[in-house]
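Chemist: sequence and predicted structure, then a few things I'm wondering about:
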Amino acid sequence: MNIFQDANRKQIAGRRRTDWLLHMLFVIATSIGVLALCALIIDILIDGIVRLQPDLFNNFPSRKADGSGMKSALVGTIYMLLIMAPISFIFGVGAAIYLEEYAKKGRLTRLIQLNISTLAGVPSIVYGILGLALFVRLLALDRSLIAGALTMTLLVLPIIIVAAQEAIRAVPRSRRDASFALGATKWQTVSRSVMPSALPGVLTGVILAMSRAIGETAPLVMIGALTYVAFLPDGLRDSFTVIPIQVYNWLSKPQIEFKELAASGIIVLLVLLLLMNFSAILLRNKYQKNV
């Protein structure tokens, strides 16, 4: 018995050492990532805080750093979001509802689901190539605001579909059964019973997808979005720029003043991302309380 007890003690002690070592390894890895992120944010704040002035938001880009701003890039980003959001929501959530509630489970549905899940992980440059071929050349939309918005819509659609499907799938089957038992039709069940319960997850997925879109540069560079735009777009067919492209333009210049402007643009972009993520949390908590 003593031999077996000693062996068990050694095994337990070895497992505890392994657990402690792995715990420390994970803590160190996480700490390195957090410290690197903090160092980058502090460096950006030090460089860009001096340029966070009203002129940054009121002036157009200029070849002189002192009079340069990001008005056209900020407005272009907002316009693109305003176009993307309703299109992405309608098509993304509509596709998720069809796949989860109406489509028959079979090989075709599984193939479509597999393709959607795969597209959610495709590099963004691929969507830029698709947007260049489809919207810019085939549909002759040129380097316009609508071409950029539609290209970014393609980018976020798979993400929204997957997030909406997960939210709809999380609704208990008992809600559907109770609705059918009361004589509701399929659409009444989906619209009045399933979707109100799934709405927090759906909205969170949509807002997070929009957050990813406003930080993307590669697809817009592929379709030819301009790096220097000193005017506001008056229509959907006008040229445009966005904050990431404007930041890239400033970083490509050798003067230190433009580096400071780029850092201030990054700060503005980070604030927008944080506000969108915070709004996603607020909406989720609000609707979860009402469900």
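Modeler: Sure thing, it's come through.
Chemist: what residues are up against Arg15?
Modeler: Shown in contact with Arg15 (CB atoms under 8 Å, 6 or more residues apart in numbering): no residues. C-beta here means a position set from N, CA and C on the backbone, and glycine is covered the same way.
Chemist: average pLDDT for the helix or strand containing it?
Modeler: Here Arg15 sits within helix 2-48, counting by DSSP states H and E. What helix 2-48 shows for mean pLDDT is 83.
Chemist: give me the neighbour count for the residue nearest to Arg143 when sequence neighbours are not counted.
Modeler: Leaving aside its chain neighbours, Arg143 sits nearest to Gly224 (3.9 Å; criterion: CB to CB, 6 or more residues apart in numbering). Counted with other CB atoms under 10 Å, the neighbours of Gly224 add up to 16.
Chemist: in whatever helix or strand comes next after the helix holding Arg15, what counts as buried?
Modeler: Using DSSP H and E, the helix or strand that follows helix 2-48 towards the C-terminus is helix 54-58. Neighbour-count burial for helix 54-58, counted by 16 or more other CB atoms under 10 Å, picks out Leu56.
Chemist: low pLDDT regions in this protein?
Modeler: 1-8, 226-227, 287-291 (pLDDT under 70).
Chemist: spell out for me which residue occupies the centre of it.
Modeler: Arg212 (2.4 Å; CA atoms, centre = their mean).
Chemist: that one is in contact with Leu157, isn't it?
Modeler: No: under the criterion of CB atoms under 8 Å, Arg212 is not in contact with Leu157, lying 11.9 Å apart.
Chemist: which parts of this protein belong to which domain?
Modeler: As assigned by automatic domain parsing, the chain contains the domains 9-51, 54-290.
Chemist: I figured Asn58 was touching Gly69, is that so?
Modeler: Yes: if you go by CB under 8 Å, Asn58 and Gly69 touch, sitting 6.1 Å apart.
Chemist: which residues are in contact with Val75?
Modeler: By CB under 8 Å, 6+ apart, Val75 lies in contact with Leu232, Pro233.
Chemist: cool, Leu37 as well?
Modeler: Leu37 neighbours (CB under 8 Å, 6+ apart): none.
Chemist: likewise Lys71?
Modeler: Counting by CB under 8 Å, 6+ apart, Lys71 has contacts Phe57, Asn58, Asn59, Phe60, Leu232.
Chemist: before we move on, the earlier item: which secondary structure element contains the residue nearest to the centre of the chain?
Modeler: helix 195-214.
Chemist: now that helix - C-alpha only, CSV.
Modeler: What follows is helix 195-214, C-alpha atoms only, in CSV (Å, rounded to 0.1, in the frame of the first residue of the first chain):
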residue,chain,number,x,y,z
MET,A,195,-35.7,37.2,-33.4
PRO,A,196,-36.5,39.3,-30.3
SER,A,197,-34.5,36.7,-28.3
ALA,A,198,-31.7,36.5,-30.8
LEU,A,199,-31.5,40.3,-31.4
PRO,A,200,-28.8,41.0,-28.7
GLY,A,201,-26.4,38.5,-30.4
VAL,A,202,-27.3,39.7,-33.9
LEU,A,203,-26.7,43.4,-33.1
THR,A,204,-23.4,42.6,-31.4
GLY,A,205,-22.2,40.6,-34.4
VAL,A,206,-23.3,43.4,-36.8
ILE,A,207,-21.6,46.2,-34.8
LEU,A,208,-18.4,44.1,-34.3
ALA,A,209,-18.3,43.4,-38.1
MET,A,210,-18.7,47.2,-38.8
SER,A,211,-15.8,47.8,-36.4
ARG,A,212,-13.6,45.5,-38.4
ALA,A,213,-14.6,47.1,-41.6
ILE,A,214,-13.6,50.7,-40.6
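Chemist: so who does the residue nearest to the centre of the chain touch?
Modeler: Leu155, Val156, Ile159.
Chemist: one more time with 7 Å, if that's ok
Modeler: Counting by CB atoms under 7 Å, 6 or more residues apart in numbering, Arg212 touches Val156.
Chemist: state the distance from it to Phe91.
Modeler: 17 Å (CB to CB, to the nearest Å).
Chemist: now do Met222
Modeler: Taken as CB to CB, the span from Met222 to Phe91 is 22 Å.
Chemist: these two: which is more packed in?
Modeler: Between Met222 and Phe91, Met222 has the larger neighbour count (other CB under 10 Å), namely 20 against 14.
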